[in-house]
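*Asks:* Quick one, what's the 3D model for this:
(one chain, ligands or ions: 2)
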Amino acid sequence: MSTDPRTIYPKVDPPKQIQQEPGLDVKLDPLADIGEESYQGNGRLKGRKALVSGADSGIGAAVAIAFAREGADVAIAYLPEEQPDADRVVKAIEEAGQKAFAFPGDFKDADYCRELVEKSVEALGGLDILVNNASRQIWADGLTEVKDEEFDKTMQVNLGGNFRVTKAALPHLKPGASIIFTTSIQAYQPSPTLLDYAMTKAALNNLSKGLATALTGDGIRVNAVAPGPIWTPLQPSHGQPQEKVQGFGQQAPLGRAGHPVELAGAYVFLASDEASYVSGETLGVTGGTATP
Ligand code: NAD
Ligand code: MG
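*Replies:* Ligands and ions are numbered 1, 2, ... in the order given. Predicted coordinates for the structure are as follows:
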């Protein structure tokens, strides 16, 4: 029997809440489903070696857990202050019978971005899948309210960090490898309160298409996933004004925010041989909002 997508997961209707950036999954009210109980693997990534950034929490955590349950060893990247969330993900990867490696650091540090890739390749014994998922999102009440230092940090992390990690990874990728960027519905429908963040997501979407054009002929596929409103620590840690945290995601056509685990299948698909003819695509997982 099929399941109604409006009610398949517990409804997220969050009360007002605020956390310091970058926020913790373990402090979300209500807790988000990152797949610990709900994701079942089928060996679709058996023997693969994956690096997932921003993998302590939210979408990245759901992707890392799903990859492990599909048979991949996984290196995860995150900020040092996110260790309580990272511990949970490492445990889930190991319980799936796979190797987990944790390399905390800050994407604002160019040396860390390069070292992250080198350490991951060494620990995993190669690299087949790179998921560029880390980003920061700090809301502001219009363009003139975006502080210079916040703008610079957002560019350094979302653009500089993801660019450098990808650049460091390319020499290690062989035919069959898959690169996946996390972009956003914001790449197409920017919110007035997220102008700087939204422009980075459009740029990452563009980079994924440019790289696909450059690399597909070498047997390396590059794609993106564009999420809609997903309940993660990004939102209550200055990612939205408080009035938008309350009732977050209810305006989506499905009438609810998504859970991180609802993204996992899209990344598994794009990473796996099932997507052997898919490159240069952006897969929207938006709760029903149409993407171009
Ligand atoms: P999240 O907070 O769980 O994940 C974001 C991660 O980015 C953090 O866990 C952190 O590890 C990492 N990060 C932030 N600043 C960093 C820095 N300076 N250095 C290194 N890593 C840093 O939230 P999420 O919603 O799961 O976000 C994952 C991705 O999904 C992001 O790219 C985000 O833009 C994108 N996205 C989220 C939504 C949503 O509604 N939640 C919608 C569209 C796109
Ligand atoms: Mg986090």
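
*Asks:* What about the closest residue to ligand 1 within the chain, how many residues nearby?
*Replies:* Using Cβ to the nearest ligand atom, residue 58 is the residue of the chain that sits closest to ligand 1, at 2.2 Å. Heads up, the C-betas are built off the backbone N, CA and C, glycines and all. By the measure other Cβ atoms under 10 Å, the count of residues near residue 58 is 28.

*Asks:* Then residue 219?
*Replies:* Around residue 219 there are 13 residues (other Cβ under 10 Å).

*Asks:* ok, now which ones touch the residue nearest to it when sequence neighbours are not counted?
*Replies:* Distance criterion Cβ to Cβ, 6 or more residues apart in numbering; nearest residue to residue 219, sequence neighbours excluded, is residue 175 at 2.9 Å. By Cβ atoms under 8 Å, 6 or more residues apart in numbering, the residues touching residue 175 are 218-220.

*Asks:* What pLDDT does the model give the residue of the chain closest to ligand 1?
*Replies:* What the model reports as pLDDT for residue 58 is 98.

*Asks:* Residue 236 is in contact with that one, correct?
*Replies:* No - the criterion here is Cβ atoms under 8 Å, and residue 58 misses it with residue 236 at 11.5 Å.

*Asks:* Can you pull the residues that touch both of those two?
*Replies:* Common neighbours of residue 58 and residue 236 (Cβ under 8 Å, 6+ apart) do not exist.

*Asks:* SS state for whichever residue of the stretch 101-250 of the chain sits closest to ligand 2?
*Replies:* Here the residue of the stretch 101-250 of the chain nearest ligand 2 is residue 233; by Cβ to the ion that distance is 5.3 Å. In three-state terms, and counting by DSSP: H, G, I helix; E, B strand; the rest coil, residue 233 is coil.

*Asks:* Disregarding residues adjacent in the polypeptide, which is nearest to it?
*Replies:* That would be residue 23: by Cβ to Cβ, 6+ apart, it lies 3.0 Å from residue 233.

*Asks:* who's in contact with the one you found?
*Replies:* Taking Cβ under 8 Å, 6+ apart, one finds 57, 233-234, 236-237, 239 in contact with residue 23.

*Asks:* can you pull out the strands in this protein?
*Replies:* Secondary structure of the chain (DSSP state E): strands located at 49-53, 73-78, 100-104, 129-132, 178-182, 221-227, 282-285.

*Asks:* Now do the longest one and strand 178-182, the angle between them.
*Replies:* The directions of strand 221-227 and strand 178-182 differ by 20 degrees, with axes from the mean of the first three to the mean of the last three Cα atoms, to 10 degrees as the criterion.

*Asks:* hmm, who's touching strand 221-227?
*Replies:* So strand 221-227 is in contact with 59, 177-185, 187-188, 201, 204-205, 208-209, 211-212, 215-216, 258, 263, 266-267, 270, 275-276, 278-286, 291, going by Cβ under 8 Å, 6+ apart.

*Asks:* change it to 6 Å
*Replies:* 178-185, 205, 208, 211-212, 215, 263, 266, 270, 279, 281-285 (Cβ atoms under 6 Å, 6 or more residues apart in numbering).

*Asks:* And residue 80, how far from residue 116?
*Replies:* In this view, residue 80 and residue 116 are 13 Å apart by Cβ to Cβ, to the nearest Å.

*Asks:* of these two, who's got more company?
*Replies:* Remark: of residue 80 and residue 116, residue 116 carries more neighbours, 24 against 9, as counted by other Cβ under 10 Å.

*Asks:* Residue 210 versus the more buried one, what's the distance?
*Replies:* Residue 116 is 22 Å from residue 210, by Cβ to Cβ.

*Asks:* Touching, residue 172 and residue 121? I think so.
*Replies:* Yes - counting by Cβ atoms under 6 Å, residue 121 is a contact partner of residue 172 at 5.0 Å.

*Asks:* what's around residue 101, how many residues?
*Replies:* Count around residue 101 with other Cβ under 10 Å applied: 18.

*Asks:* Start and end of stretch 131-139, how far apart?
*Replies:* End-to-end span of stretch 131-139 (Cα to Cα, to the nearest Å): 24 Å.
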